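In: Predicted model follows, preceded by the sequence.
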Amino acid sequence: MAATPQNPAAAAPRRKVSRHRGEGQWAAGHFTPLNGNEQFKKDDDGLNVRTRIETIYSKRGFDSIDPNDLRGRMRWWGLYTQRKPGIDGGKTAILEPEELDDKYFMLRVRIDGGRLTTEQLRVIGEISQEFARGTADLTDRQNVQYHWIRIEDVPEIWNRLEAVGLSTTEACGDTPRVILGSPVAGIAEDEIIDGTPAIDEIHSRYIGTKEFSNLPRKFKTAVSGSPLLDVAHEINDIAFVGVEHPEHGPGFDLWVGGGLSTNPKIGVRLGAWVPLDEVPDVWAGVIGIFRDYGYRRLRTRARLKFLVADWGQEKFRQVLEDEYLKRKLVDGPAPAQPVARWRDHVGVHRQQDGRFYVGFAPRVGRIDGATLTKIAELAEAHGSGRVRTTVEQKMIVLDVEEGQVDSLVEGLAALDLTARPSSFRRGTMACTGIEYCKLAIVETKARGAALIDELERRIPEFDEPITININGCPNACARIQVADIGLKGQLVLNDKGEQVEGFQVHLGGALGLEAGFGRKVRGLKVTSEELTDYVERVLKRFQAEREDGERFATWATRASEEALS
């Protein structure tokens, strides 16, 4: 039986831990809540708030919501209050939560593996138009996010989503979040192994149950058998990466402890090979370690990456095997270096069955409900009943006959959704930003879209892979540390000495087997107004100075500070 505050006798066997009692590790018998978040989770499981939303809050309105539900437990069902309009970034850190809260919500639709039917996509689009003022952003975790949601409408939205097999269950909160999966699982010609059955089994066994509904912090999962390494496995709490074992055949390489935010860490390989049918049990073992041994004292140290860093690879694997799996894992190989220049599946690609899939790029994930319903209609008109979201804020239409491809591409282009995007449109990502997010300091989505347009006009010949990730605050939702050009929103001084929106610049970050966080040039900050000039200048220097075949990240690592400023 799992260790819980209500069942301390069921804790995992006691071990001598290096961290002091104040870390609040359940496995050491430390169940007294050490902060407000741990207290409200002990007082009532976050999953229980749904009943109050349906029977009380949706009927009595926003002002009836208990504060611990409003800013805590409602996240277990995908709901965050959004930022009140008109509050500038300078006030983000100084106002009280009730001063920042609008009486509307962001609602996140959970899309495990990025898999959608056209019927589901149509329903998502219809909900957007009816209840969310047309908003429906694609996230870099394969979800769709609404804004302007009223609490009164939430039960009806749930009914419509669940009628087509979708939900918002544990889309936020200290829970197992959406499970990332290769958007071309089961169809790609070069696939090593299809991880879909494992994703489905994890979801059916554990999501929405109370076994893992009270974690120290959020828990992010990725499962992909693609040789393109297409789910950002390096920065998830747990990742299963497709590999071919020389003796046992296709399976997964196990990674743990990745994550970004203000203390980024690349995940650690445990050196273990996991067959497909054992992935759910291994997943449950790793998240069980996090639940039982995770640090619950400080929210800033409550992610799995801190435990992995303290324990190290060898101890973590030993605890997993001895205390949770009760068996040894098979040693296995590391994944191979991907050969593709991009790993986002944009463009036209042949499937295993001879049909094609078509990946296309909205601008920085910004889309609307009306467009989503048109995508569903367009896909169906060209013989497809399946679409996918990606971890790069893109979408894919599957199962297109060869004779239908050109017509589909033209139809998407008419919606300003190109399957042949520029490097700038293809590689630029932005978080929600100050428009809706209570943590943000600067605007991101419109700034990113404008940057794309300007760079396409100024450097139309640029065709190298380039990632430009724009974040509204230090929390790295847009993965700034692993971008070629990462932009962290903050207030900066312009040449007149005025405080304005701007960015701290990170350069040369990367994912893949050469993953790293790049570099920050001392004092390198740009105003939002200067951003396009700066990016244009750096990219032209890269073009002039790069060696044959050299990637931007490699050049940025060796370039002089003068070249990067």
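Out: Right, received. Where do you want to start?
In: ok now do residue 81, which residues does it touch?
Out: 70-71, 100-106, 438 (CB atoms under 8 Å, 6 or more residues apart in numbering). For glycine as for every other residue, the C-beta is placed from the backbone atoms N, C-alpha and C.
In: what's the answer for residue 248, then?
Out: 273, 275, 330, 332.
In: Please name the nearest non-neighbouring residue to the second one.
Out: Yep, that's residue 275 we're talking about. In this structure, residue 275 finds its nearest non-sequential neighbour in residue 251, 4.6 Å apart by CB to CB, 6 or more residues apart in numbering.
In: Need the three-state assignment for that neighbour.
Out: Using DSSP: H, G, I helix; E, B strand; the rest coil, the structure places residue 251 in strand.
In: how far away is it from residue 277?
Out: In this view, residue 251 and residue 277 are 10 Å apart by CB to CB, to the nearest Å.
In: more neighbours, these two?
Out: Ranked by neighbour count (other CB atoms under 10 Å), residue 251 and residue 277 place residue 251 first, with 26 against 11.
In: I'd assumed residue 332 was in contact with the more buried one.
Out: Yes. Between residue 251 and residue 332 there is a contact at 6.9 Å, judged by CB atoms under 8 Å.
In: which neighbours do those two share?
Out: Joint contacts of residue 251 and residue 332 (CB under 8 Å, 6+ apart) are 243, 245, 273-274.
In: what about the strands in the stretch 451-565 of the chain?
Out: 468-471, 485-493, 499-510, 516-527 (DSSP state E, counting those that start in this stretch).
In: partners of the third one, with directions?
Out: In the sheet containing strand 499-510, its partner strands are strand 485-493 (antiparallel), strand 516-527 (antiparallel), by DSSP bridges.
In: Let me have those strands in a markdown table, extended by mean pLDDT and mean neighbour count.
Out: A markdown table is the format used below for these (pLDDT from 0 to 100; neighbours: other CB atoms under 10 Å):
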| stretch | mean pLDDT | mean neighbour count |
| --- | --- | --- |
| strand 485-493 | 96 | 23 |
| strand 516-527 | 88 | 16 |
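In: got the ones you listed as a markdown table, with distance to residue 505 columns?
Out: Below are those laid out as a markdown table (distance: least, CB to CB, whole Å):
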| stretch | distance to residue 505 |
| --- | --- |
| strand 485-493 | 6 |
| strand 516-527 | 5 |
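In: Which one of these lies nearest to residue 406?
Out: Nearest to residue 406, of all the strands paired with strand 499-510, is strand 485-493, at 33.6 Å by CB to CB.
In: Run through who's touching the closest one.
Out: 89-90, 433-434, 440-442, 444, 466-474, 476, 479-480, 499-507, 509, 518, 525-527, 531, 535, 538, 552.
In: Kindly recompute the last result at 7 Å.
Out: Residues outside strand 485-493 that contact it (CB atoms under 7 Å, 6 or more residues apart in numbering) are 89-90, 440-442, 444, 468-474, 480, 499-507, 509, 525, 527, 535.
In: Please give me every residue in contact with the closest residue to residue 102 other than its chain neighbours.
Out: Spatially, and ignoring its direct neighbours in sequence, residue 102 is nearest to residue 84 (4.3 Å; CB to CB, 6+ apart). By CB under 7 Å, 6+ apart, the contact set of residue 84 is 100-102.
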